[in-house]
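Trainee: based on what follows, work out the 3D shape:
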Amino acid sequence: QVQLVESGGGLVQAGGSLRLSCAASGRTFSNRAMGWFSQAPGKEREFVAAISGTGGSTYYADSVKGRFTISRDNAKNTVYLQINSLRPEDAAVYYCAAGSITSWGVGTTAKWYAFWGQGTQVTVSS
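Mentor: The predicted model follows:
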């Protein structure tokens with residue numbers, strides 16, 4: 001089992017920045033791809049970004065390319081999402097997800113991920 005705890009959400013003005021963090025339990029963190037998803041009220045959970053276990057490969061939704069950056073620190077069992085140039089449409093609950101150690105590659109769909117955090121709210125004021 002992997003426990004994930006997100007932090008760093010909050011209220012930010014449009015154009016501002018936030019850094020979300022996700023701390024993971026366990027000794028297998030570096031063997032797991034990690035992802036970030038967002039879910040706005042009334043909408044399905046959407047892929048935002050993902051990163052391979054080594055951090056060497058990253059993937060982004062088209063809507064966030066150039067504004068969001070995913071990274072990880074395997075020594076700290078933590079994955080980050082740097083969010084810049086926030087837009088009102090970025091407002092959502094952001095979830096961190098961990099892949100199974102038996103999974104191949106890096107997933108960009110919610111179904112691919114085995115473990116989920118509770119989420120952190122990002123609110124954008126215009």
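Trainee: rest of the way, CA atoms for contacts and neighbours
Mentor: Fine.
Trainee: tell me the contacts of the most centrally placed residue in the chain?
Mentor: In the chain, the centroid-proximal residue (CA atoms, centre = their mean) is residue 36; its distance is 2.2 Å. Going by CA atoms under 8 Å, 6 or more residues apart in numbering, residue 36 touches 47, 48, 49, 50, 81, 94, 95, 96, 97.
Trainee: 6 Å instead, please
Mentor: 48, 49, 95, 96 (CA atoms under 6 Å, 6 or more residues apart in numbering).
Trainee: ok so the third one is a strand residue?
Mentor: Yes - judged by DSSP: H, G, I helix; E, B strand; the rest coil, residue 95 forms part of a strand.
Trainee: quick one: it from residue 126, how far?
Mentor: 23 Å (CA to CA, to the nearest Å).
Trainee: between those two, who's got more neighbours?
Mentor: Counted by other CA atoms under 10 Å, residue 95 and residue 126 do not tie: residue 95 has more neighbours, with 26 against 10.
Trainee: bridged to that one, which residues?
Mentor: Using DSSP bridges, the beta-bridge partners of residue 95 come out as residue 37.
Trainee: doesn't residue 121 make contact with it?
Mentor: No - under the criterion of CA atoms under 6 Å, residue 95 is not in contact with residue 121, lying 9.0 Å apart.
Trainee: next one: the helix or strand where residue 50 lies to chain centre, how far?
Mentor: Residue 50 belongs to strand 46-51 when assigned by DSSP states H and E. Distance of strand 46-51 from its chain centroid, counting by CA atoms, centre = their mean, to the nearest Å, is 6 Å.
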